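Student: below are the sequence and a predicted model for it; my questions follow.
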Amino acid sequence: MTLDLDHLRAWIGREERQSELLTAAQVQRFNATFDREGPLEDGAEAPLLIHLCLCQPAVPGAQLGPDGHPARGGFLPPVPLPRRMWAGGAFEFHDAPRIGETITRRSVIEDVTLKHGRSGVLCFVTVTHHISAGPRRLLTERQDIVYREAGGAEPPALPPAPAGAARRMLPPDPVLLFRYSALSFNGHRIHYDAPYASGEEGYPGLIVHGPLQATLLAQFAADLRGVVPARFSFRSLAPIFDTHAFSLNACAEGDGLGLWTAAEDGPLAMHAEAVW
């Protein structure tokens, strides 16, 4: 497929702004989804990476594509490739959001590039999200989105990922995937619609969200060190499906932690680094 890169790069510099009140009810639902507990009073610090569930575009159903994503165009460039996934990202934490604050997300298209992989043409869109509460900067996020063709070459067989020095197993849980989709207002059907995921996109099961894996790994890092990291970055390497249990893993890397997810007996799925 031939893409008009010059046309797509005309979106660079485009901005979008969304704001949302962070309520105790949202925090309660977020904590319930991740089997965690925390304070719910106004002024209390909100859980790590809850911002991924805030300030999301509320697109009417009539404006969604067949995969459940908003139709192409608008803020994001109209990349004509059918498959869209999170490729990775990075967070720099400045301060914690607090319950009762109005959270604002200012998003900027930073770059649009093309690459060629085993599955064909890949289009990467880089977005920076600036998260704040009034004049207070909360965090800066880089989001890497990849668009690709349907089908393509079968991925090579990869060896099972090693176990980390610290490891936590999680059962396959379609309820967790549905709840996270609802929390983040993510209509992408590969995460909750099993007949669509298998029949239309050819997957063996539902796919565990990239931001969900990133949240679990960031929580794992904070639990191990007892404090939220200053920086956290991650990269998706292979999908995890709800057909098998998967693990969170961590090992010391310098002054930080290397972290990764993997399905049971499966290859490394997401790699992350946490730095304090």
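Tutor: Sure thing, it's come through. All values derive from a computational prediction rather than experimental measurement.

Student: could you report the neighbour count for Gly151?
Tutor: Neighbour count of Gly151, defined by other C-beta atoms under 10 Å: 12. The C-beta positions use only the backbone N, C-alpha and C, and glycine is treated the same way.

Student: quick one: low-confidence parts of the stretch 151-276 of the chain?
Tutor: Counting by pLDDT under 70, the low-confidence segments of the stretch 151-276 of the chain come to 152-155.

Student: which stretches of it form strands?
Tutor: Assigned by DSSP state E, counting those that start in this stretch, the strands in the stretch 151-276 of the chain fall at 166-170, 231-236, 246-253, 256-263, 268-275.

Student: how about the ones you listed, which one is nearest Ser19?
Tutor: Taking C-beta to C-beta, strand 231-236 is the member of these nearest to Ser19, at 23.9 Å.

Student: in CSV, list the C-alpha atoms belonging to that closest one.
Tutor: C-alpha atoms of strand 231-236 as CSV (Å, rounded to 0.1, in the frame of the first residue of the first chain):
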residue,chain,number,x,y,z
ARG,A,231,10.2,8.1,34.8
PHE,A,232,8.6,5.0,33.3
SER,A,233,8.9,3.9,29.6
PHE,A,234,7.6,0.8,27.8
ARG,A,235,7.5,-0.9,24.4
SER,A,236,5.1,-3.5,23.1
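
Student: quick check: buried residues in it?
Tutor: 232-236 (16 or more other C-beta atoms under 10 Å).

Student: stretch 191-198 too?
Tutor: 191-193, 196-197.

Student: farthest pair in these?
Tutor: His191 and Tyr196 (10.1 Å).

Student: and Asp223, how far from Leu248?
Tutor: Separation of Asp223 from Leu248 (C-beta to C-beta, to the nearest Å): 10 Å.
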